[in-house]
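Novice: Output the structure for:
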Amino acid sequence: MPRVIFQKYKKWTSTLDPDRHKAKFKEIDELRQSQTTETEFWDEEGYYEEEMGEYEESEFSLSEGEPSLNIGKIDLSFPETIEEFEDSQQCYPPSYYTLSPKERLLLLYAENFRKQLVLSHPKRRAMVLALPNECRVQKFVCTTIRPTAFIYPELISNVEEIAKFVADFVQYEPLEDPINLPTRLISPDTLLRRRKGNSYEMATLLVSILAGAGHPALVVSGVAREEIVVNDQLAIPYPYPIVEVEAEEVIPPVEKPGQKYKLRGLPDLESHLVEDMAEVHRLKAAEEKQIQDEIIRKKMEELELLAVDRHHYRRSHAWVVIINNAPWSVKPKTTYTDVNGDVVESPPTALFIEPSTGFICETGCKQYILIDSIWNQHNYYVNKQKHQRVGELRWDLRDTNDWEHMLPGEPPEMRVYKMSSDENITDEDRDIDEEKHLDCICCWVDRLHIGLADFEQRFPSSEKVIQYKGAIEERFAPYSQRDGKVKQLIVYNNDECTDPKVQYQYFENRADFMRHVKYTFATDQFEEIFIKGRNDSLKSLQYFGDSSLTRNVYFYSGSRIDSLDLMVVKPESLVLHYKGRCDKCWYKEFEFTAENVLKKVTEKFYKASAHDVGTSDIATRIFLFQQNKIILKFHYTFGALTATTVEFTKPPRADYGKELVYNEKLTKIYKANPLDPTRTNLELYKLLREQLLYEDQLRKNFEKIYEDINNIFDLRKSEKMDPKLKFRIFDPLRNGAARAIRMRQFEEEEELKKEIASKPADFLAPYLVPYKLQEELTPEQSLNAYNSCLNDLKTRFVSLLNNLQRHYEDLTSESKSLNRFLNKFENQFDNYDYKRLVQQSKDLELNKRMVQQRLTLTHEESQKKYEQVKASLLKDTRLNLRKEDLVRRSSETSK
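Specialist: Purely as a prediction, here's the structure:
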């Protein structure tokens, strides 16, 4: 008998004649082709022909020159790579390079499923069912998905943040041959370590994170446009809204005089025929333009169906779909009320996510052309719908006329049971529990893990540059730039990105609390935005490259004492805007010379309400320093068309110690209403004195304000030259110094606790506190401390013994009363109550014995402790005790 040698990885070759059953196979194929018209299962004669246009039949195959039956074939010899990867440096788990019996059964089932579809529909694109992993072992694609929930807030529930993270964390690599199927599908765990992968691997990772967050996500395998496959975003405008924080513009209030009567306007006697005819022509032209735009849109939709090159319908790509209202979803279902008033579950809808960019779009987007199949961790679904656009697809996976299931009945939420009226529901439930079918095994991939350092780094090289249509975006990892920059966006005037228009810079973790900088190239203008927290309450700073131009400085008025909101700095003027001041002042303007000498000060006030007490009715106050004048303009009174004005010409200053002499000739008064009371000279004198005192205060305030604004500008220069970053006190990645300080403090505390525990107790220390010279006590002081310590100890023990004795007596009396009660009414209880009361009596006796034993032990311990403390006090060198005092103390104690 010849010796048979089994080789592990050698494929078995058949010696049968392949033409022996050729006629039988031909008969079976004809029978299957005749059955397809009855079952309406993929009309291969018309499938994809409209999309393909006039391409030849040879171009329908996925790979030219290769039979369709061999594309995507699963090796049923189940090769493993144990010898190569068992002791490798990568330390892969055994599940990566071996196949379990359940996995082999799934692969066998998948290969049979693939062959049936290929034999029935040879013109259909090949399916992605099993691909080699990083250990070159074929794994079923559904088992490669590893749902994992992460602790980072951005990856918990926000779909947009999860998609952006995957697009940033992993560098996209196009398929080596996008015309054919991918040659590998590494696990998401390995992809997180390598940080590079193709569309299928990134889609698998994205689905794993989304599924861990509770979203019904699936991997989509199909055909996409060339710019999507190669990740070309030059034709895409900047897709995200530009975060631009603009400072609030202070709009001065327009004060309108109160008018009781108004004149009626003149009638319009001019003809508007020309304007009306122009409006009619304009509406007609707009309607015609809308019709033309609709015609152009329809033509563009028709042109989109045409192939742009010979590989238009053959570029394989993978992306992610989220099916809202999916049967297995844990998210709340959306419902609507139908015409009958019943609450009905809404049909499933879908959203597409591109893993290479993180963009989210509707199913009607033009980036994707065909969908072959989709899968998740539960099942594999093949698309059976005839469609010209992806937006025409229906996403109810329970409908087997639209989607073919590889594993029928998986997951259990996908099952639809049809029961007749005479069937028993309980029997049906029993049959469902006892049914046996093939389901998907648990994932062979290790649990996904992203370290804190990798999560903060986010980008493989700590930065990422993307060029869009008319914009270039640069993103950086936190703390990777010296100035704390995390994002920079430059918007250009042209699509080729050669003529810059505006530059946006975003910062984080800055010690100066700056978050945003906007620079306009045309005007050479900068705008810096700050968050709350600065000592100077700076909110925004607008300035030009030329320091001689106007600069606007905004503040957080709520955190400033003077409620300053805006400061406009000009070469020879300073304008201040306030918000919410108690004196109703909202505007101040200082005009000065080049030598900082005041020329004019203007103040404006809001009109005080009837409830405000102690406020003046001044609307505008002007100080003319060179003309020696003070002009006061009051608010409009009711029914007045003009405002009352008082103009003071400042008299010469009085000598020291003398009062100011008032001259009524130096005062000009204009009364808007002649019926208003006339101010007396005394009132005018007091008003003038108030303004003169306030004028002196204004000079000092101007000097302080001018100094403060110069300090702010100097501080900003130093912060730009040497930017500093801050970090949290509990940041484990950077705050090593703070952690070392905390660890040193912890060690010192532990050493102190050990030192205290090793030393004997100092009973005398609390009683030496009243004495200043604790090392040199007199005999009287020593005797007082000695007696106080022993008396307090004795009192404490006596109190403890009394409490225990009282507790023992209470238990004894309660036990006696319960026993008397039981003896008297023993025959009137049922068994349950009697046993409960007997058990209660036993518990009382047990507690009484425990208290009695504790009383005895406490009495013995108190005597020993008293003698120990007494002996330690006699040996203490800090006490200066005399023998006669101790003898007298012992005699008193014995009595």
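Novice: Quick check on residue 538: phi, psi?
Specialist: phi -70, psi 130 (degrees, to the nearest 10).
Novice: So it versus residue 702, what's the distance?
Specialist: 20 Å (C-beta to C-beta, to the nearest Å). (C-beta placed from N, C-alpha, C; glycine too.)
Novice: Compare the two (neighbour count), which wins?
Specialist: Per other C-beta atoms under 10 Å, whichever of residue 538 and residue 702 has more neighbours is residue 538, with 23 against 17.
Novice: Quick check: the more buried one touching residue 555?
Specialist: Yes. The pair formed by residue 538 and residue 555 meets the contact definition of C-beta atoms under 8 Å, at 6.2 Å.
Novice: you'd agree residue 587 is in a strand?
Specialist: Yes. Counting by DSSP: H, G, I helix; E, B strand; the rest coil, residue 587 is found in a strand.
Novice: Give me the number of neighbouring residues for it.
Specialist: Based on other C-beta under 10 Å, the number of other residues close to residue 587 is 18.
Novice: what about residue 599, which helix or strand?
Specialist: Using DSSP states H and E, residue 599 maps to strand 598-605.
Novice: partners of that strand in the sheet?
Specialist: As defined by DSSP bridges, the strand partners of strand 598-605 come to strand 585-592 (antiparallel), strand 618-624 (antiparallel).
Novice: And the contacts of the first one?
Specialist: By C-beta atoms under 8 Å, 6 or more residues apart in numbering, the surrounding residues in contact with strand 585-592 are 252-253, 572-579, 598-606, 702, 705.
Novice: rerun at 7 Å
Specialist: By C-beta atoms under 7 Å, 6 or more residues apart in numbering, the list of residues contacting strand 585-592 from outside reads 252, 572-578, 598-606, 702.
Novice: got it, and the last one?
Specialist: Applying C-beta under 7 Å, 6+ apart, the set of residues contacting strand 618-624 from outside is 600-605, 630-635, 643, 695, 698.
Novice: Can you tell me which of these is closest to residue 395?
Specialist: residue 604 (63.7 Å; C-beta to C-beta).
Novice: is the closest residue to that closest one other than its chain neighbours in a bridge, and if so with what?
Specialist: In this structure, residue 604 finds its nearest non-sequential neighbour in residue 587, 3.9 Å apart by C-beta to C-beta, 6 or more residues apart in numbering. Counting by DSSP bridges, residue 587 forms beta bridges with residue 577, residue 604.
Novice: From residue 513, how far off is residue 587?
Specialist: When C-beta to C-beta is the yardstick, residue 587 and residue 513 sit 28 Å from each other.
Novice: Could you pull out the strands in the stretch 551-700 of the chain for me?
Specialist: 551-555, 564-570, 573-578, 585-592, 598-605, 618-624, 629-634, 645-649, 667-670 (DSSP state E, counting those that start in this stretch).
Novice: which of those strands is buried the deepest?
Specialist: strand 551-555 (a mean of 22; mean count of other C-beta atoms under 10 Å).
Novice: which residues are in contact with that strand?
Specialist: The contact list for strand 551-555 (C-beta under 7 Å, 6+ apart) reads 247, 537-543, 564-569, 709, 712.
Novice: Also stretch 389-398?
Specialist: Counting by C-beta under 7 Å, 6+ apart, 323, 327, 347-350, 363-364, 368, 371, 381, 385, 387, 402-403, 414, 416 sit against stretch 389-398.
Novice: go on, stretch 733-743?
Specialist: Applying C-beta under 7 Å, 6+ apart, the contact partners of stretch 733-743 are 452, 453, 456, 479, 727, 728, 729.
Novice: Show me how far that stretch is from its chain's centre.
Specialist: Computed by C-alpha atoms, centre = their mean, to the nearest Å, the chain-centroid distance of stretch 733-743 equals 26 Å.
Novice: Buried residues in it, which are they?
Specialist: In terms of neighbour count (16 or more other C-beta atoms under 10 Å), stretch 733-743 has its buried residues at residue 734.
Novice: The stretch 151-300 of the chain: helices as residue ranges?
Specialist: 159-169, 188-194, 199-212, 226-229, 273-304 (DSSP state H, counting those that start in this stretch).
Novice: Give the residue spans of the stretch 751-895 of the chain that score low on pLDDT.
Specialist: 774, 885, 887, 889-895 (pLDDT under 70).
Novice: coming back round to it: I'd like the strands paired with strand 598-605 as CSV, with distance to residue 145 and mean pLDDT appended.
Specialist: CSV is the format used below for those (distance: least, C-beta to C-beta, whole Å; pLDDT from 0 to 100):
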stretch, distance to residue 145, mean pLDDT
strand 585-592, 62, 93
strand 618-624, 73, 92
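Novice: Which among the ones you listed is found nearest to residue 839?
Specialist: Nearest to residue 839 among these is strand 585-592 (82.6 Å), distances taken as C-beta to C-beta.
Novice: now the angle between strand 573-578 and the closest one, please.
Specialist: Orientation note: strand 585-592 sits at an angle of 170 degrees relative to strand 573-578 (axes from the mean of the first three to the mean of the last three C-alpha atoms, to 10 degrees).
Novice: Please compute how far strand 585-592 lies from its chain's middle.
Specialist: A distance of 43 Å separates the centroid of the chain from that of strand 585-592, by C-alpha atoms, centre = their mean.
Novice: Could you do stretch 702-722 as well?
Specialist: 35 Å.
Novice: any idea of the mean pLDDT in it?
Specialist: With pLDDT averaged residue by residue, stretch 702-722 scores 93.
Novice: list the buried ones in it?
Specialist: Across stretch 702-722, burial judged by 16+ other C-beta under 10 Å covers 702, 705, 709, 712, 716, 719.
Novice: Next: stretch 516-535.
Specialist: Residues 516, 517, 518, 519, 526, 527, 528, 529, 530, 534 are the ones in stretch 516-535 that count as buried (16+ other C-beta under 10 Å).
Novice: In contact with the fourth one: list those residues for me.
Specialist: Taking C-beta under 7 Å, 6+ apart as the definition of contact, the neighbours of residue 519 are 503, 526.
Novice: quick check, it in a strand?
Specialist: Yes. Per three-state DSSP, residue 519 lies within a strand segment.
Novice: can you count the residues close to residue 825?
Specialist: A count of nearby residues for residue 825, using other C-beta under 10 Å, gives 11.
Novice: for the one 4 residues further on, same thing?
Specialist: The local packing of residue 829 (other C-beta under 10 Å) involves 14 other residues.
Novice: Not including adjacent chain positions, what is the nearest residue to it?
Specialist: Setting aside the residues directly before and after it, residue 829 is nearest to residue 837 in space (C-beta to C-beta, 6+ apart), at 7.1 Å.
Novice: thought the one you found was touching residue 823?
Specialist: No. The criterion here is C-beta atoms under 7 Å, and residue 837 misses it with residue 823 at 11.2 Å.
Novice: Compare these two and say which is more crowded by neighbours.
Specialist: Neighbours were tallied for residue 837 and for residue 823 using other C-beta under 10 Å; the higher tally belongs to residue 837 (17 against 8).
Novice: Next, the more buried one: secondary structure please.
Specialist: helix.
Novice: Ok, the one 4 residues further on next?
Specialist: Per three-state DSSP, the secondary structure class of residue 841 is helix.
Novice: For it, which non-adjacent residue is closest in space?
Specialist: Nearest one to residue 841, counting by C-beta to C-beta, 6+ apart, is residue 818 at 5.2 Å.
Novice: Report the separation between that neighbour and residue 825.
Specialist: For residue 818, the distance to residue 825 - C-beta to C-beta - is 11 Å.
Novice: Residue 112 now?
Specialist: 83 Å.
Novice: quick one, helices of the stretch 751-895 of the chain?
Specialist: Using DSSP H, counting those that start in this stretch, the helices found in the stretch 751-895 of the chain span residues 779-824, 831-875, 883-894.
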